[in-house]
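Peer 1: Pasting a predicted model and its sequence here:
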Amino acid sequence: HVGCGRVAARYLEIFTRGEISGARLGHVCDIERSRADEFSRKSNARAWTDLETMLREAKDIDCVTFGTPSGSHFENARAALVAGKHVIVEKPITMRPEQAEELGKLARDKGLMFGVVKQNRYNPAMRALKAMMDRGRFGKLVLGTVRVRWARDMNYYSSDAWRGKFLSDGGVITNQAIHHIDALQWVMGPVKAVCAHGTARINDIEVDDTTVAILRFANGASGVIEATTAARPDDIEASLSVLGEGGSVVVGGWALNEILFWKFTVPEAADETAQLDHSQVIPTSYGLGHAPLLQDVVDALKRGEIEPPVNATEGTKSLSIIHALYRSMEDNGWVTVGTSSKRLGIGG
């Protein structure tokens, strides 16, 4: 595993508590020696401080997981793929869509797996919602919404130099709400156009800590995104709503882990216990989806398959929406998805 920052704690739990089988954590890498050594001490993995050296000298690596700063995903993932390693990277897949497409092609050409972590797709609540959508129970879709109300103050943004910058991070929609935007398009289908407003309302950063947006889905439904890290004093919620002519579902909780509302015009027996059956208690906002996702990665590789749970094409869908959102802010109007930001992943 490369990158021993915030999300690495979840990877440490997964590998040291036996949450997945068929793989072991053999090596950890971080540019800060203290972080790498601490992770190594807790996991018995060998510590490295240079990715290129690790890739060259550690002959027993099959797959590299990356939890490095967002702006480094492209270069780091490319280095691992060039070295012949399978790659799974935390969100965002890259900072720009064309980078993800390049990595996807590189992986295919070399016969390697390249995927991105979208752990909320593994939440029981989200899977139940997706199953109802796939069955057609919602009928004609009316509205799909996302609401992320989290608290991140300047201690968070100042904890690492790359945070809160267009070049290396992006704002609330890139770092926090990207998972929920992915979940929204995963369930509701492709987004055609967006109109957004974003601002750094409380935090002293160059990117947005608060964004609101209106969406037009390809199927004709409308959408709304409300995302902020300026909730005070604590995280409040991360919710997703789907409304259709056949019924409505709201998934909420800390990280899309609880069914809050579930009702359809044509009831079924299972509807009565849906909230109890599909809600999940989670310890942190990362949820519990990492372990089953990584287990699917391991199982696929052991079968000789290279298709990841969420491939580059899938991972780029939410990134393309986010780029359109930023371009809408830049142009002050409606933007078609597929139009990239002039600043995200570039700076300036």
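Peer 2: Cool, got the structure.

Peer 1: Need phi/psi at residue 285.
Peer 2: phi -70, psi -10 (degrees, to the nearest 10).

Peer 1: Wait, a strand at residue 223?
Peer 2: Yes: the assignment for residue 223 is a strand, going by DSSP: H, G, I helix; E, B strand; the rest coil.

Peer 1: Please report how far it lies from residue 122.
Peer 2: Separation of residue 223 from residue 122 (CB to CB, to the nearest Å): 23 Å. To be clear about C-beta, it is placed using only N, CA and C from the backbone, and glycine gets the same treatment.

Peer 1: Those two: which is more packed in?
Peer 2: For residue 223 and residue 122, the more surrounded residue by other CB atoms under 10 Å is residue 223, and the numbers stand at 23 against 20.

Peer 1: For the more buried one, which residues are in contact?
Peer 2: If a contact means CB atoms under 8 Å, 6 or more residues apart in numbering, then residue 223 has 143-146, 184, 188, 191, 214-217 as its contacts.

Peer 1: Distance check, it against residue 91.
Peer 2: 20 Å.

Peer 1: Packing partners of the longest helix anywhere in the chain?
Peer 2: What stands out as the longest helix in the chain, according to DSSP state H, is helix 312-331. With contacts taken as 3 or more CB pairs under 8 Å, 6 or more residues apart in numbering; DSSP states H and E, helix 312-331 sits against helix 97-110, strand 114-116, helix 172-175, helix 178-188, strand 191-199, strand 210-217, strand 335-336.

Peer 1: Now do it: distance to the chain's middle.
Peer 2: The chain centre lies 13 Å from the centre of helix 312-331; the measure is CA atoms, centre = their mean, to the nearest Å.

Peer 1: Can you list the buried residues in it?
Peer 2: For helix 312-331, burial by neighbour count (16 or more other CB atoms under 10 Å) applies to 312, 314-329.

Peer 1: Does residue 238 touch residue 282 like I think?
Peer 2: No: contact criterion CB atoms under 8 Å: residue 238 and residue 282 do not qualify, at 10.7 Å.

Peer 1: For those two, indicate the residue with more neighbours.
Peer 2: residue 238 (26 against 17).

Peer 1: quick one, strands of this protein?
Peer 2: Taking DSSP state E, the strands of the chain run over residues 27-29, 46-48, 63-66, 86-89, 114-116, 141-149, 191-199, 210-217, 222-228, 237-244, 247-252, 258-264, 335-336.

Peer 1: Which other helices and strands does the first one contact?
Peer 2: The criterion is 3+ CB pairs under 8 Å, 6+ apart, and the helices and strands that strand 27-29 contacts are helix 33-43, strand 46-48, helix 51-57.

Peer 1: Please consider this matter closed, and thank you.
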